[in-house]
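A.B. asks: what would the 3D arrangement of this be:
(chains A and B)
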Amino acid sequence: MPSRDSILSDLETIDDPEMPISIVDLGLIERVEILPHPPNGETGRADVEIDILPTFVGCPALDMIRDLVREKLTARGEINEVKVNFLFDPPWSVDRITEAGRARLKEHGVTVPEHGSRLPVHGAPKLTTQLRTSAVPCPFCESRSTYLDSPFGPTRCRMIYYCEACRNSFEHMKRL
Amino acid sequence: MPIAEHLKPSLIELLLAAADDKLMLGHRNSDWTGLGPILEEDIAFSSLAQDEIAHAQTLYEFLGPIAEKDENELAFGRTAEEYRCATIVEPHDEFDWAAAITRQFFCDHFDRLRFRRLAQSNLKPLADLAKRIGAEEQVHVDHADSWMRRLGRGTTEAKQRVQKALDQLAPLAVTLFEPVDGEPALEKDGLYPALEQPMIELWRHEVDGVLKDADLSAAFTDFDPSRKGGRRGIHGAAFGELLEEMSEVYRIEPGAKW
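C.D. replies: Purely as a prediction, here's the structure:
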């Protein structure tokens, strides 16, 4: 019978199609349920049901993620069917990204809002899109002399910041 | 919770209105990819297009089992009079960016309210989805508001151009508020509960607040309930062209898997 841990280890090998971290580190996996099939468990085989929380509504990577998950898990031999559900409750949030995931994103020039932080977006001063804030340190030089250059970025879940100290652009995950 | 049979047709109308507004707006926004006035707005309008179309797609998927139709058929396979989008999302902005951002400003404020309302629905999967869409709308609203302020307080030319767009689009903005058939029943039964004040009042309060701050103005009227418009399938000439262009690929082979 497949164990929950072994399924999670398999899922950890699947990178998000738009992000250089695994779907587990991105915090997408909400629930893994193992249903012995046949139900008496004598064959050691099971069906698996997985609840995934989309980062953004209708994210174009969802179909690909579902296919990658199915492909990976059914390749093990002991799993028959894989059912993937996409749910909005609880809502995905940047706070679900693991420490390992944060470290890896930072290596790629993508920062993640600190746990529990509110900035940016909600409650931010709204005079211009060039919001100056000390809340987002540069992933390259750690300077806090950074500003929001664009609330939209290369994917729907990221924004573009600019560091005045090292003059690099970097990306920051959106907190909704 | 199963949806009461007698409420289904109205719920379909309501969600089609939301999805159709977003599909058309997203399609119009996508015209700006590569043509935005500055790089950041090129990215912004491309992202707005992605957001709006993704929201529309998810709403069509949600509607699928209720309307007993596949999401692609809902998006592209209907006749013009079966669409429920408001008139404001129909005309082309003629690549006047002031018009594009003004249209977005009106629609974003409306959508934030619409999804706040749907987020209180007693249909839980719909409420969950609406909460997420509403959170994404906040980014849109902040973006549009900041541009209204920048343009209104900017150069004389910027102010004139955005004021002209406001004058042209304000009369169309009220078309967003045309109710769909059966809306009072959806409100009464808790599928689409009322907010603390009528939506148009809340919307005007928000929109006028930003415009005042930006030293701009707009003259709004109430939606004339005797007039039938987009929410009842009556569309302008621009809509036919838009629909034809948008559904061209779908119509080559309806039902094809891409």
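
A.B. asks: next one: the residue in chain B positioned nearest to chain A from B:R132, what distance?
C.D. replies: Closest contact between chain B and chain A, by Cβ to the nearest Cβ, is at B:A54 (3.0 Å). C-beta: built from backbone N, CA, C; applies to glycine. Remark: distance between B:A54 and B:R132 (Cβ to Cβ, to the nearest Å) = 11 Å.

A.B. asks: between those two, which contacts overlap?
C.D. replies: Residues touching both B:A54 and B:R132 (Cβ atoms under 8 Å, 6 or more residues apart in numbering or on different chains): A:56-57.

A.B. asks: lowest confidence element among the helices and strands of chain A?
C.D. replies: strand A:132-133 (a mean of 59; mean pLDDT, DSSP states H and E).

A.B. asks: elements contacting the helix or strand that it is followed by?
C.D. replies: Next along the chain after strand A:132-133, taking DSSP states H and E as the criterion, comes strand A:146-150. Counting contacts by 3 or more Cβ pairs under 8 Å, 6 or more residues apart in numbering or on different chains; DSSP states H and E, strand A:146-150 packs against strand A:132-133, strand A:158-163, strand A:169-173, helix B:39-67.

A.B. asks: what sits against B:C85?
C.D. replies: Counting by Cβ under 8 Å, 6+ apart, B:C85 has contacts B:17, B:20-21, B:23-24, B:230, B:235, B:239.

A.B. asks: would you agree it falls within a helix?
C.D. replies: No: according to DSSP: H, G, I helix; E, B strand; the rest coil, B:C85 belongs to no helix; its state is coil.

A.B. asks: ok, now how distant is it from B:S10?
C.D. replies: The spacing between B:C85 and B:S10, counted by Cβ to Cβ, is 17 Å.

A.B. asks: tell me the contacts of the residue of chain A found nearest chain B?
C.D. replies: Of all residues in chain A, A:G58 sits closest to chain B, at 3.0 Å by Cβ to the nearest Cβ. By Cβ under 8 Å, 6+ apart, the residues touching A:G58 are B:53-55, B:57-58.

A.B. asks: Provide the backbone phi and psi angles at it.
C.D. replies: In terms of degrees, to the nearest 10, the main-chain angles of A:G58 are phi 70, psi 30.

A.B. asks: A:E30 now?
C.D. replies: The phi/psi pair for A:E30 (degrees, to the nearest 10) is phi -100, psi -40.

A.B. asks: burial of it, as a residue count?
C.D. replies: 16 (other Cβ atoms under 10 Å in any protein chain shown).

A.B. asks: next, count neighbours for the closest residue to it other than its chain neighbours.
C.D. replies: Once flanking residues are discounted, A:E30 sits nearest to A:D51: 4.3 Å by Cβ to Cβ, 6 or more residues apart in numbering or on different chains. A:D51 has 17 neighbouring residues, counting by other Cβ under 10 Å.

A.B. asks: am I right that A:D51 sits in a helix?
C.D. replies: No: assessed with three-state DSSP, A:D51 is strand; it does not lie in a helix.

A.B. asks: and of the contacts of B:C85, the nearest to A:I23?
C.D. replies: B:L23 (28.5 Å; Cβ to Cβ).

A.B. asks: so the closest one: helix, strand or coil?
C.D. replies: Per three-state DSSP, B:L23 ends up helix.

A.B. asks: sec struct for residue 100, please.
C.D. replies: As the question left the chain open, I've gone with chain A. helix.

A.B. asks: now it: how far from B:D213?
C.D. replies: In terms of Cβ to Cβ, A:A100 sits 44 Å off from B:D213.

A.B. asks: same check on A:A61?
C.D. replies: For A:A61, the distance to B:D213 - Cβ to Cβ - is 38 Å.

A.B. asks: so for those two, which residue has more residues nearby?
C.D. replies: A:A61 (20 against 15).

A.B. asks: stretch A:31-45 close to chain B?
C.D. replies: No: if you take Cβ under 8 Å from any Cβ of the partner chain as the test, stretch A:31-45 misses chain B, and the best it gets is 15.0 Å.

A.B. asks: contacting residues around that stretch?
C.D. replies: A:1-4, A:7-8, A:46-51, A:78-81.

A.B. asks: quick check: mean pLDDT of the helix ranked longest in chain A?
C.D. replies: Longest helix of chain A, by residue count under DSSP state H: helix A:62-74. Averaging pLDDT along helix A:62-74 yields 96.

A.B. asks: give me the angle between that helix and helix B:39-67.
C.D. replies: Orientation of helix A:62-74 against helix B:39-67 (axes from the mean of the first three to the mean of the last three Cα atoms, to 10 degrees) gives an angle of 70 degrees.
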